[in-house]
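Novice: Would you be able to build a 3D model of this:
(one chain, ligands or ions: 2)
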Amino acid sequence: MSGKTLFDRLWSTHEVLRRDDGASLLWVDRHLVHEGSHHAFGKLAARELNVAHPELTIAVSDHYVPTRERASGGASDSIKRMIATLETNAHAHGIRHFGLNDPRQGIVHVTGPEQGLTLPGLMVVCGDSHTSTHGAFGAYAFGIGATEVAHVLATQTLWQTRPKTMRLTFNGVLADGVTAKDMALHWIARLGSDGARGHAIEYAGSAVRVLSMEARMTLCNLSIEGGAKCGVITPDETTFAYLKGRPFAPSGNQWDEAVDDWQSLASDADAAFDREIEIDAADIAPTVTWGIVPEQAAPITSAVPSDAATDALDYMGLRPGQSLDGLAIDQVFIGSCTNARIEDLRAAAVILAGRKAKVPGTVSPGSMIVKRLAEAEGLDRIFTDAGLDWVASGCSMCVAMNGDVVAPGKRCASTTNRNFRGRQGPGARTHLMSPAMVAAAAVAGELTDARPFLKDRPLAGAA
Ligand SMILES: CC(C)[C@H](C(=O)O)[C@@H](O)C(=O)O
Ligand code: SF4
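Specialist: Ligands and ions are numbered 1, 2, ... in the order given. As a prediction, the model looks like this:
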């Protein structure tokens, strides 16, 4: 019999019971909720149910929070109501809440790890597809729907059928100026938006092992855009170093015991996966999306495919065969749970330092802690000197729910994770890429290869 995968271990330690039809009841260690949880709290109220484990539930305000004029409480009455409802629900059920004015507020997938709430071996769920981010720590983390959110609130458990396993191995080393975002866009372009459907991905290989936690989170964040249930990475010294001393991470003797436990969270050498995919990291170039789904991505050195789907071309205002390098943009956005951690901001700042942006843009840090850290390093000055707006933390222009929108027909180079029609506002055209690539696009006023801008300015482990 072959050995166990990391995913096998995560699954079996959370399985409470298995039904005859194969579905399993899983224990949830951390339940994160954001403003979108109001449906689920409504369901609970309708049935007069309590939250089973408020101490394992953590609320974070992110999707609707204003990034400018924070004191306003929200851009419109309906937005204000969304923010206030989470506040009320969290308070009513005794749930810890990182609200609008909390200095620890941020995007839920940035705040959880930053606070040490996300730990190796845990099962983490949230009513949000990018919960896959937390898998970077060797946690089983995935997004759930509103009915499931209500089920977790009421029982701290969840019914699930077991996904298949897939190992995505990145061999070799990434070239300079190529980042975790490029790794993700590369594999999604190769396998397709449905390429990993029904699978739990384990990211492995030498190019993954050397990634920082920030970069690992970027990689795992995008798992869902390739259709995967989740992404996991074996915890190691990089993981432990990131977590040590975080507010909710174990401390003292408990820290040593936890690290001992976490060391066993790996796939056995003879573990068998349902699928194995290998990618040579050296084949990956800085990658940008040209279409309206993340799989419609290509190296910046290439062109819009000659057989590109007409609906995508029409929406994006592009022609088949058109070169990606040199495509004029109207604005940039650096933010989101994909690429707004400190390393992402540092990477963008490496390129923007001493340069001016030709187009306007917004930089929204992934959390208020990242914001303060960046300010202490002087990164905010680099962005504002370049002509970009430096604003507070939230989902902001990633999903345009808080009023931060890209105007119809405008083209935005963005560090986010979804380029769907209307994602950044009705009619907005989104090109996804790494923070370094967005920074280079800002300076050039067009999509361009970041590598020449990095001459004598190494990214040094930036995400
Ligand atoms: C609004 C929310 C439920 C949604 C998600 O599920 O991911 C959003 O965060 C997104 O990125 O599209
Ligand atoms: S930053 Fe974007 S992707 Fe992340 S949770 Fe918010 S809306 Fe979703």
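
Novice: Just the C-alpha atoms of the helix or strand that contains residue 221, please, in CSV.
Specialist: Element membership for residue 221, per DSSP states H and E: helix 213-221. Below are the C-alpha coordinates for helix 213-221, written out as CSV (Å, rounded to 0.1, in the frame of the first residue of the first chain):
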residue,chain,number,x,y,z
MET,A,213,4.9,32.7,2.9
GLU,A,214,3.6,35.7,1.0
ALA,A,215,4.4,34.1,-2.3
ARG,A,216,2.9,30.8,-1.2
MET,A,217,-0.3,32.5,-0.3
THR,A,218,-0.4,34.1,-3.7
LEU,A,219,0.0,30.7,-5.3
CYS,A,220,-2.6,29.0,-3.1
ASN,A,221,-5.0,32.0,-3.5
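
Novice: Return the residues of the protein in contact with ligand 2.
Specialist: Residues of the chain lying close to ligand 2 (Cβ under 6 Å from any ligand atom) are 62-63, 107, 109, 128, 130, 336-337, 395, 398-399, 416-417. For glycine as for every other residue, the C-beta is placed from the backbone atoms N, C-alpha and C.

Novice: Quick check: PyMOL command selecting the buried ones in these.
Specialist: This is how PyMOL selects the buried members of the residues of the chain next to ligand 2, with burial counted by 16 or more other Cβ atoms under 10 Å:
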select buried, resi 62+63+107+109+128+130+336+337+395+398+399+416+417
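
Novice: nearest to residue 137, of the residues of the chain next to ligand 2?
Specialist: Checking the residues of the chain next to ligand 2 against residue 137 by Cβ to Cβ gives residue 109 as the nearest, at 11.5 Å.

Novice: mind checking how far the closest one is from ligand 1?
Specialist: Distance, residue 109 to ligand 1, using Cβ to the nearest ligand atom, to the nearest Å: 9 Å.

Novice: hang on, the earlier thing: got the residues of the chain next to ligand 2 as TSV, with secondary structure and pLDDT columns?
Specialist: Shown next, in TSV, are the residues of the chain next to ligand 2 (DSSP: H, G, I helix; E, B strand; the rest coil; pLDDT from 0 to 100):
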residue	secondary structure	pLDDT
62	coil	98
63	coil	98
107	coil	99
109	helix	98
128	coil	98
130	helix	98
336	coil	98
337	coil	98
395	coil	98
398	helix	98
399	coil	98
416	coil	98
417	coil	98
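
Novice: Out of the residues of the chain next to ligand 2, the closest to ligand 1 would be?
Specialist: Proximity to ligand 1 was ranked across the residues of the chain next to ligand 2 by Cβ to the nearest ligand atom; first place goes to residue 128, at 4.3 Å.

Novice: what's the closest non-adjacent residue to the closest one?
Specialist: residue 143 (5.1 Å; Cβ to Cβ, 6 or more residues apart in numbering).

Novice: Look up the residues forming beta bridges with the one you found.
Specialist: Residues in a beta bridge with residue 143, per DSSP bridges, are residue 126.

Novice: What does the pLDDT read for it?
Specialist: You'll see residue 143 listed with a pLDDT of 98.

Novice: pLDDT below threshold where in this protein?
Specialist: Residues of the chain meeting the criterion pLDDT under 70: 460-463.

Novice: how about 90 then?
Specialist: For the chain, the stretches flagged by pLDDT under 90 are 1-2, 70-73, 456-463.

Novice: Show me what from it comes close to ligand 1.
Specialist: The chain has residues 36, 63, 128-130, 143, 399, 418 near ligand 1, with proximity defined as Cβ under 6 Å from any ligand atom.

Novice: The same query, at a cut-off of 5 Å, please.
Specialist: Residues of the chain lying close to ligand 1 (Cβ under 5 Å from any ligand atom) are 36, 128-129.

Novice: Which one of the residues of the chain next to ligand 2 is nearest to residue 219?
Specialist: Residue 219 lies nearest to residue 417 out of the residues of the chain next to ligand 2, by Cβ to Cβ, at 11.4 Å.

Novice: correct me, but that closest one touches residue 340?
Specialist: No: with contact defined as Cβ atoms under 8 Å, residue 417 does not count as touching residue 340 (11.1 Å).

Novice: The residue of the chain found nearest ligand 1 and residue 220, how far apart?
Specialist: At 3.6 Å from ligand 1, residue 129 is the closest residue in the chain, using Cβ to the nearest ligand atom. Applying Cβ to Cβ, to the nearest Å, the value for residue 129 to residue 220 is 12 Å.

Novice: ok, those two, which is more surrounded?
Specialist: The residue with more neighbours, out of residue 129 and residue 220, is residue 220; 29 against 17, by other Cβ atoms under 10 Å.

Novice: Spit out the contact partners of the more buried one.
Specialist: Residues counted as contacts of residue 220 (Cβ atoms under 8 Å, 6 or more residues apart in numbering) are 132-136, 141, 203, 230-233.

Novice: out of these, which is most surrounded?
Specialist: Highest neighbour count within the contacts of residue 220: residue 133, with 35 neighbours (other Cβ under 10 Å).

Novice: So this structure: which segments form each domain?
Specialist: 6-162, 164-236+267-282, 288-454 (automatic domain parsing).

Novice: Out of these, the one nearest residue 252 is which?
Specialist: Nearest of those (Cβ to Cβ): domain 6-162, 13.8 Å.

Novice: angle of the one helix or strand residue 347 maps to against helix 213-221?
Specialist: In this structure, residue 347 sits in helix 342-352 according to DSSP H and E. Using axes from the mean of the first three to the mean of the last three Cα atoms, to 10 degrees, the direction of helix 342-352 lies 100 degrees away from that of helix 213-221.

Novice: one step back: looking at the residues of the chain next to ligand 1, spot the one nearest residue 289.
Specialist: Closest approach to residue 289 among these (Cβ to Cβ): residue 129, at 17.3 Å.

Novice: related to what we said a few turns ago, same list, the contacts of residue 220, but as CSV with secondary structure and distance to residue 211 please.
Specialist: Listed next are these as CSV, based on DSSP: H, G, I helix; E, B strand; the rest coil; distance: Cβ to Cβ, whole Å:
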residue, secondary structure, distance to residue 211
132, helix, 16
133, helix, 14
134, helix, 15
135, helix, 13
136, helix, 9
141, strand, 17
203, strand, 9
230, strand, 17
231, strand, 12
232, strand, 14
233, coil, 8
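
Novice: which one of those residues sits closest to ligand 2?
Specialist: Nearest to ligand 2 among the contacts of residue 220, counting by Cβ to the nearest ligand atom, is residue 133 at 8.1 Å.

Novice: That closest one is in contact with residue 108, isn't it?
Specialist: No: assessed by Cβ under 8 Å, residue 133 is found out of contact with residue 108, at 9.0 Å.

Novice: overlap in contacts of these two?
Specialist: With Cβ under 8 Å, 6+ apart as the test, residue 133 and residue 108 both reach residue 337.

Novice: Spatially nearest residue to residue 157 (excluding sequence neighbours)?
Specialist: residue 25 (5.2 Å).

Novice: Show me the contact partners of the helix or strand hosting the one you found.
Specialist: Taking DSSP H and E as the criterion, residue 25 maps to strand 24-27. Here strand 24-27 makes contact (Cβ under 8 Å, 6+ apart) with 11, 14-19, 123, 156-162.
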